[in-house]
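>>> mind looking at a prediction? Sequence and model below.
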Amino acid sequence: MKDLLKRNKNAAVSYSIVIVLFIVLSIMSGAGLLGRKYTALLVPVCCYIVAAIGLNMNVGISGELNLGQAGFMSLGAFTAVIVAGALNFHGVTAPALVMLICIVCGTVVAGFLGWLMSIPVLKLEGDYLAIVTLAFGQIIVNIINNIYLGIDENGLHFSFVNNTIQMQEDGNLLISGPMGATGVNTVSTFTAGFILVMISLIIVYHLMNSRNGRAIMACRDNRIAASTVGINAVAEKTLAFVVSAALGGAAGALYGMNYSSFAATKFDFNLSILILVYVVLGGLGNMTGTIIATTLLVVLPEVLRFLSIYRMLIYAIVLIVIMIVTNNQAIRLRLKNLRMKNGGRGKGKEVSGNG
Amino acid sequence: MQFLSYLISGLGLGSVYAIMALGYSMVYGIAKMLNFAHGDIIMVGAYVAFFAISGAGMPPAVAILLSVLVCTVLGVVIERLAYKPLREASSLAVLITAIGVSYFLENGALILWGADSKFFPSNIFPQGGITLGSLTISWLTIITIAACCIIMILLMLFVGRTNTGRAMRACSEDKGAATLMGINVNMIISLTFAIGSGLAAIAAVLLGATYPSISPTMGAMPGIKAFTAAVLGGIGSIPGAFVGGLLLGVIENLSKAYISQQLSDAIVFGVLIVILLIKPAGLLGRKVSEKV
């Protein structure tokens, strides 16, 4: 019972942080207090948070390292572009409706491909599993980077490698190879991002506290022991993998509808790594931490802009120092002693925090 | 004949991957960490060799030695400052730190040397090549393949026959037990990073001579390829890294030549997935089954 209360408390903290942040930021941007560069970050932050929550499902809850989250984001983003293009062609332009259909389609496509991939991926273990996810991420981006896709009255036309699509005169080119998606109607809003973050949080917390969620965590802690009590480890890990991929797709769809044009190379290995950094810094399995870490790390490069060319150098140093301070045994012990001296109640906090 | 020529240039490219993968694999075998900064050490090595030859006018042999020296010191310093404090931490924490180091090196290079790519002098190796009938093999390819084979044999002898090599194998098996046997584990790990980074410098010069354009982000893709090659062969295994590297280079070159220039990366990674499905621990890796 106490455990249940604690878990509900974790979820409540996450929800309230997101809601408060949303209200404060909405008011600030409405009153023009946020500069242009921070306003432009509102939707991307939501995308990264959703993708990071999804990845945390896989890395933190299921315990499998995934180096290809950006691949799922690119699936979501380009699915959204195609669907939006088709809807636009057939005269559906209401932003909220387009947004909804696109995100649902992006989620479903990424989730389905995630399920297909999970079949080979989950046969492997540890670093071999990690490199296969990396390989899938690279393959997806490499293929999308070579697709030319357009729409006209006869339907969708696509071609690989060369840009010789035969289209009617009223046709629209939606994806043009290495140039990526072009002419996208930007319909993403901060409100949509906020709703998506809330929905993904609800899904993840619901899953974590369900029978399946506990089974997933049991497999993470000891796969053999979990199997002996009758848990189908592959099925549970597949569930976590698919949810992770689907959330990546949703994040990608939101991201795609936020820019009028973007290339597939935006979703390269570096983006997968960046999202992994958010997850690890926020704490494995800790969704509140993920939200805070993502927000801080997306904003940090903007805050450091006054350092001009030294900006990313300082960012790298900050990252290394944070990792060493939060993970070095000696430093952690010293911090803990310090906290116990100043109040004595620090110990309980230390236990509940996921490091 | 055409096929043979693609095959041999693929072996040349594969040898560069193999040298990088050897460094990657050794570090993984001893320190059990994925060193994502390995590709950026290659970048630093290429820049040092470039400035030594084009800037200071040093003879190529001296420039290569200097590059090896700088990378070796860099590798050891990085290990001391960034990875050593995390010896007891989870492997994911070390992975993220390695990514931080990679950002640091890339952006440091960007500030020091600028974003525009520089032209690596390709004439440091003898021009031309051997002609056999209609087949021409360039000296660069021959030197690359020979260098890779020599490095692999020397490493095998070092790890298999010397006392230090035995200590390395002991560390990779069990660090605690190795310490009890009087092995200085920290020294061995530093030595491994030194060897891996030195190999990265050699790979950098060969890579620069093959693809002459060098820039601060040039290490990223070769780094991923080296990781792929190491895993393909069975990570932690020296002959595995060699075989994996060669295979990767050959597949990449042949798919570029016969299937598609643009989709070659997708094909390389597709082959990797298929091979891992058949041999889940890589070509020459050991499958360690968990004891209950």
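Everything's here; your move.

>>> rest of the way, CA atoms for contacts and neighbours
Will do.

>>> beyond the helix or strand hosting B:V68, next helix or strand please.
For B:V68, the enclosing helix or strand under DSSP states H and E is helix B:60-78. Reading on from helix B:60-78 to the C-terminus, the next helix or strand found by DSSP H and E is helix B:91-113.

>>> contacts for that following helix?
Counting by CA atoms under 8 Å, 6 or more residues apart in numbering or on different chains, helix B:91-113 makes contact with A:273, A:277, A:280, A:309-310, A:312-313, A:316-317, A:319-320, A:323-324, A:327, B:32-38, B:40-41, B:44, B:78, B:82-83, B:86, B:216-217, all of which sit outside it.

>>> repeat for stretch A:88-106
Contact with stretch A:88-106 is made by A:75-81, A:83-84, A:87, A:151-152, A:187-188, A:246, A:249-250, A:252-254, A:257, as judged by CA under 8 Å, 6+ apart.

>>> convert the C-alpha atoms of that stretch to PDB, please.
Presented in PDB, the C-alpha positions along stretch A:88-106 are these (Å, rounded to 0.1, in the frame of the first residue of the first chain):
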ATOM      1  CA  ASN A  88      -3.900  18.900 -47.800                       C
ATOM      2  CA  PHE A  89      -4.200  17.600 -51.300                       C
ATOM      3  CA  HIS A  90      -7.800  16.400 -50.600                       C
ATOM      4  CA  GLY A  91      -8.700  19.700 -49.000                       C
ATOM      5  CA  VAL A  92      -8.500  18.800 -45.300                       C
ATOM      6  CA  THR A  93      -6.700  21.800 -43.600                       C
ATOM      7  CA  ALA A  94      -8.100  22.200 -40.100                       C
ATOM      8  CA  PRO A  95      -4.900  22.400 -38.100                       C
ATOM      9  CA  ALA A  96      -6.100  20.400 -35.000                       C
ATOM     10  CA  LEU A  97      -7.500  17.600 -37.200                       C
ATOM     11  CA  VAL A  98      -4.400  17.400 -39.400                       C
ATOM     12  CA  MET A  99      -2.200  17.400 -36.300                       C
ATOM     13  CA  LEU A 100      -4.200  14.600 -34.600                       C
ATOM     14  CA  ILE A 101      -4.300  12.400 -37.700                       C
ATOM     15  CA  CYS A 102      -0.600  12.900 -38.400                       C
ATOM     16  CA  ILE A 103       0.500  12.100 -34.900                       C
ATOM     17  CA  VAL A 104      -1.700   9.000 -34.800                       C
ATOM     18  CA  CYS A 105      -0.300   7.800 -38.100                       C
ATOM     19  CA  GLY A 106       3.300   8.500 -37.100                       C
END
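
>>> in that stretch, what counts as buried?
If you call a residue buried by 16 or more other CA atoms under 10 Å in any protein chain shown, then stretch A:88-106 has these buried ones: A:F89, A:T93, A:V98, A:M99, A:I101, A:C102, A:I103, A:V104, A:C105, A:G106.

>>> check which helix or strand the residue in chain B positioned nearest to chain A maps to.
Per CA to the nearest CA, B:A266 is where chain B lies closest to chain A, at 4.4 Å. Secondary-structure element containing B:A266, defined by DSSP H and E: helix B:264-278.

>>> in the stretch 101-250 of chain A, which residue sits closest to chain B?
Scanning the stretch 101-250 of chain A for the residue nearest chain B gives A:I139, at 4.4 Å (criterion: CA to the nearest CA).

>>> so who does that residue touch?
Listed by CA under 8 Å, 6+ apart, the contact set of A:I139 reads B:D265, B:A266, B:I267, B:F269, B:G270.

>>> so where's the chain shaky on pLDDT?
Just so you know, I chose chain A. Using pLDDT under 70 as the threshold, the predicted model of chain A has low-confidence ranges A:1-7, A:161-170, A:343-355.

>>> meant chain B actually
Along chain B, segments meeting pLDDT under 70 span B:287-292.

>>> give me every residue in it lying close to chain A.
By the rule CA under 8 Å from any CA of the partner chain, the part of chain B lying against chain A is B:82, B:85-86, B:88-89, B:92-93, B:96-97, B:99-101, B:103-104, B:107-108, B:111, B:228, B:231, B:262-263, B:265-267, B:269-270, B:272-273, B:276-277, B:280-281, B:292.

>>> report the buried members of the residues you listed.
Buried by 16+ other CA under 10 Å: B:82, B:85-86, B:89, B:92-93, B:96-97, B:99-101, B:103-104, B:107-108, B:228, B:231, B:262-263, B:265-267, B:269-270, B:272-273, B:276-277, B:280-281, out of the residues of chain B next to chain A.

>>> tally of neighbours for the closest residue in space to B:F158 that isn't next to it in sequence?
In space, not counting the residues next to it along the chain, B:F158 is nearest to B:G165; the distance is 5.5 Å by CA to CA, 6 or more residues apart in numbering or on different chains. Each residue near B:G165 was counted by other CA atoms under 10 Å in any protein chain shown, and the total is 17.

>>> swap in A:R36?
A count of nearby residues for A:R36, using other CA under 10 Å, gives 10.

>>> how near is it to A:V197?
Computed with CA to CA, to the nearest Å, the distance linking A:R36 and A:V197 is 22 Å.

>>> repeat that for B:L277.
B:L277 sits 35 Å away from A:V197, taking CA to CA as the criterion.

>>> I'd say B:L283 and B:L232 touch.
Yes: with contact taken as CA atoms under 8 Å, B:L283 and B:L232 are classed as touching, separated by 6.2 Å.

>>> when these two are compared, which one has more neighbours?
Summary of the neighbour comparison: B:L283 and B:L232, criterion other CA under 10 Å, with B:L232 having more neighbours (32 against 22).

>>> what sits against that one?
B:G240, B:A241, B:G244, B:L272, B:I275, B:L276, B:G282, B:L283.

>>> would you agree it falls within a strand?
No: inclusion of B:L232 in a strand is not indicated when DSSP: H, G, I helix; E, B strand; the rest coil is applied; the result is helix.

>>> what residues does the helix holding B:A266 touch?
If you take CA under 8 Å, 6+ apart as the criterion, helix B:264-278 is touched by A:120, A:123-124, A:128, A:132, A:135-136, A:138-140, A:142-143, B:228, B:232, B:248, B:251-252, B:255-256, B:282-283.

>>> how does it look with 7 Å?
Residues outside helix B:264-278 that contact it (CA atoms under 7 Å, 6 or more residues apart in numbering or on different chains) are A:120, A:132, A:135, A:138-139, A:142-143, B:232, B:248, B:251-252, B:255-256, B:282.

>>> name the member of those residues with the most neighbours.
B:L232 (32 neighbours).

>>> got phi/psi on the closest residue to A:I273 other than its chain neighbours?
Excluding the flanking residues, the one nearest A:I273 by CA to CA, 6+ apart is A:L67, at 6.6 Å. When quoted as degrees, to the nearest 10, the phi and psi of A:L67 stand at phi -110, psi 20.

>>> wait, isn't A:L67 in contact with A:A130?
Yes: with contacts counted by CA atoms under 7 Å, A:L67 reaches A:A130, the gap being 5.9 Å.

>>> re earlier: just the buried ones from the contacts of helix B:91-113?
Neighbour counting over the contacts of helix B:91-113 (16+ other CA under 10 Å) leaves A:273, A:277, A:280, A:312-313, A:316-317, A:319-320, A:323-324, A:327, B:32-38, B:40-41, B:44, B:78, B:82-83, B:86, B:216-217 as the buried ones.
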